[in-house]
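Engineer: The amino acid sequence is not available; the structure is as follows:
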């Protein structure tokens, strides 16, 4: 075992020296990166010219250093193995890198992973495996992966221009993988800090904006029922599209859904606007899903739902996307999108005095802090314009008007009919209050 000369696929000699060594019964071959100098002899048992022999010496020195480093790493690895055996009483598990993605998928979980999440994580793991292979092709097991290798992978992710949130998600994925596939084995990810993410909250819509959205969505029969469902239930995009008839109790006036994200059961009243959508869907019932076509699109392409919603937001004159200085590969962060309906529902409910425990019963949040920090985004308008029974009045609205608007118009007519010089000042103030 030592330095060797190799030929390429075309039969021509390669320009650099290669080294071959054996460690723990395994043969390793590595490109030393030392350019072959001078004129090589017919065989390496013979001597070449001075330039050739100088390059041979440099190549041998580098090979010796590589072997020493490999032996040191193996020694450290053996120490870790002994510590593991002492701690657990078992031999450390083996996780071949070529099985990594499948082994990750097989980790026991409390809920089934959605296809989109599996696809994203699998892509991240493939990039991770490619990075490890490029650094050291001889690494074949997860126990052999070192902190510098992981750091190199994360630096490559940064060069791709990923957002801090995506960067942190990669760290979490690798941490979880180490924890579950190598329980008790030292986790190198614990030494890697996360990045501070610039959280961008969705903005709530005003009542006027919600009405404009409904009007704009009338002509899109595909996305209209999903928008109404989001407005009236505060459910996430996937839960709206995946609503099943078994979750709907039309007679009792409630839906009861186990959310896909945190598996929490939520109970939500069926208000008239939402009831109209459900009755129309019942006439076209195909399978277990309330909105069969939308459920199929969400499974195939979730972003297709988002794009349809943003199209309606643009038609309604609402800023669909806010520019944000992010990496070259990234989308602009959205201040308004489908999730804004959830934020709007919570904001209107809390601003109207609905107890936060009832809000959590609808949204499925486990803590009050999450609701107040991420979803309660009131503006001055909301505080100033809160009226008694505001939410039921709005959600009962039909496209050709609402009970609240009809009531306001009726009161205006009464005030105007007998308006005269004597009561003008009083009636003027009452009229302006209604208009506001």
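Structural biologist: Thanks, I have the structure now. In this text, all values refer to a predicted model and were calculated from it rather than measured experimentally.
Engineer: you'd agree residue 317 is up against residue 212?
Structural biologist: Yes: shown here, residue 317 and residue 212 form a contact pair, counting by Cβ atoms under 8 Å, at 6.5 Å. Any C-beta I mention is one placed from the backbone N, CA and C, and that applies to glycine too.
Engineer: the more surrounded of those two?
Structural biologist: Neighbour tally, residue 317 and residue 212, criterion other Cβ atoms under 10 Å: the higher count belongs to residue 212, 18 against 10.
Engineer: is it true that that one lies in a helix?
Structural biologist: Yes: secondary structure of residue 212 (DSSP: H, G, I helix; E, B strand; the rest coil): part of a helix.
Engineer: how far away is it from residue 313?
Structural biologist: Per Cβ to Cβ, to the nearest Å, residue 212 is found 9 Å from residue 313.
Engineer: Now name the helix or strand holding residue 30.
Structural biologist: Element membership for residue 30 (DSSP states H and E) is strand 26-35.
Engineer: what does that strand rub up against?
Structural biologist: Strand 26-35 is contacted from outside by 3, 15-22, 55, 58-59, 62-63, 66, 70, 138, using Cβ atoms under 8 Å, 6 or more residues apart in numbering.
Engineer: now with 10 Å?
Structural biologist: Applying Cβ atoms under 10 Å, 6 or more residues apart in numbering, the contact partners of strand 26-35 are 1, 3-4, 6, 14-22, 54-63, 65-67, 70, 136-138, 140.
Engineer: buried set for that strand?
Structural biologist: By neighbour count on 16 or more other Cβ atoms under 10 Å, the buried set for strand 26-35 is 28, 30, 32, 34.
Engineer: Distance from it to the middle of the chain?
Structural biologist: Distance, stretch centre to chain centre, for strand 26-35: 41 Å (Cα atoms, centre = their mean, to the nearest Å).
Engineer: Give the pairing partners of it; include direction for each.
Structural biologist: Strand pairing for strand 26-35, using DSSP bridges, gives strand 16-23 (antiparallel).
Engineer: Any stretches of the stretch 101-250 of the chain with poor pLDDT?
Structural biologist: Where the stretch 101-250 of the chain drops to pLDDT under 70, the residues are 111, 197-202.
Engineer: all strands for it, in order.
Structural biologist: In the stretch 101-250 of the chain, strands defined by DSSP state E, counting those that start in this stretch lie at 248-249, listed in chain order.
Engineer: Find residues that contact each of residue 212 and residue 313.
Structural biologist: When contacts are counted by Cβ under 10 Å, 6+ apart, residue 212 and residue 313 are jointly contacted by residue 205.
Engineer: isn't residue 262 right up against residue 360?
Structural biologist: No: using Cβ atoms under 10 Å, residue 262 makes no contact with residue 360, being 11.9 Å away.
Engineer: quick one, which of those two is more surrounded?
Structural biologist: Higher neighbour count among residue 262 and residue 360: residue 360, with 18 against 11, using other Cβ under 10 Å.
Engineer: Mind listing what's buried along the strand or helix carrying that one?
Structural biologist: Using DSSP H and E, residue 360 sits within helix 356-363. Using 16+ other Cβ under 10 Å as the test for burial, helix 356-363 gives 356, 359-360, 362-363.
Engineer: of the residues you listed, closest to residue 116?
Structural biologist: residue 363 (21.9 Å; Cβ to Cβ).
Engineer: how is this structure carved up into domains?
Structural biologist: As given by automatic domain parsing, the domain ranges for the chain are 3-88, 97-191, 207-393, 403-435.
Engineer: Return the most buried member of the ones you listed.
Structural biologist: domain 207-393 (a mean of 17; mean count of other Cβ atoms under 10 Å).
Engineer: ok now that domain, how far from the chain's centre?
Structural biologist: The gap between where domain 207-393 is centred and where its chain is centred comes out at 18 Å by Cα atoms, centre = their mean.
Engineer: again, but for stretch 47-64
Structural biologist: Put simply, stretch 47-64 sits 52 Å off its chain's centre (Cα atoms, centre = their mean).
Engineer: And for it, what's in contact with it?
Structural biologist: Here stretch 47-64 makes contact (Cβ under 10 Å, 6+ apart) with 1-5, 16-21, 30, 32-42, 44.
Engineer: give me that answer again for 6 Å
Structural biologist: For stretch 47-64, the surrounding residues in contact (Cβ atoms under 6 Å, 6 or more residues apart in numbering) are 3, 17, 19, 32, 34, 36-41.
Engineer: just stretch 213-231 next, same as before
Structural biologist: By Cβ under 6 Å, 6+ apart, the list of residues contacting stretch 213-231 from outside reads 240, 273, 277, 291, 294, 308, 312, 315-316, 338, 341.
Engineer: Repeat that for stretch 118-137.
Structural biologist: Residues from elsewhere that reach stretch 118-137 (Cβ under 6 Å, 6+ apart): 97, 101, 139, 149, 152-153, 156, 170, 173.
Engineer: what about 7 Å?
Structural biologist: Contact with stretch 118-137 is made by 97, 100-101, 104-105, 139, 145, 149, 152-153, 156, 170, 173, as judged by Cβ atoms under 7 Å, 6 or more residues apart in numbering.
Engineer: Give me the subset of the residues you listed that lies in helices.
Structural biologist: Among the contacts of stretch 118-137, the ones falling in helices (DSSP state H) are 100-101, 104-105, 149, 152-153, 156, 170, 173.
Engineer: in those residues, which two residues are the furthest apart from each other?
Structural biologist: The distance between the two most remote of the ones in helices among the contacts of stretch 118-137 (Cβ to Cβ) is 25.0 Å, for 105 and 152.
Engineer: hang on, residue 363 packs against residue 346?
Structural biologist: Yes: using Cβ atoms under 7 Å, residue 363 is in contact with residue 346, at 6.4 Å.
Engineer: residues in contact with residue 291?
Structural biologist: Contacts for residue 291 (Cβ under 7 Å, 6+ apart) come out as 225-226, 241, 243, 281.
Engineer: do that again at 6 Å, thanks
Structural biologist: residue 225.
Engineer: Roughly how far does it sit from residue 194?
Structural biologist: Distance, residue 291 to residue 194, by Cβ to Cβ: 37 Å.
Engineer: the helices in the stretch 151-300 of the chain, which residues?
Structural biologist: 164-181, 207-217, 224-233, 237-241, 272-283, 292-300 (DSSP state H, counting those that start in this stretch).
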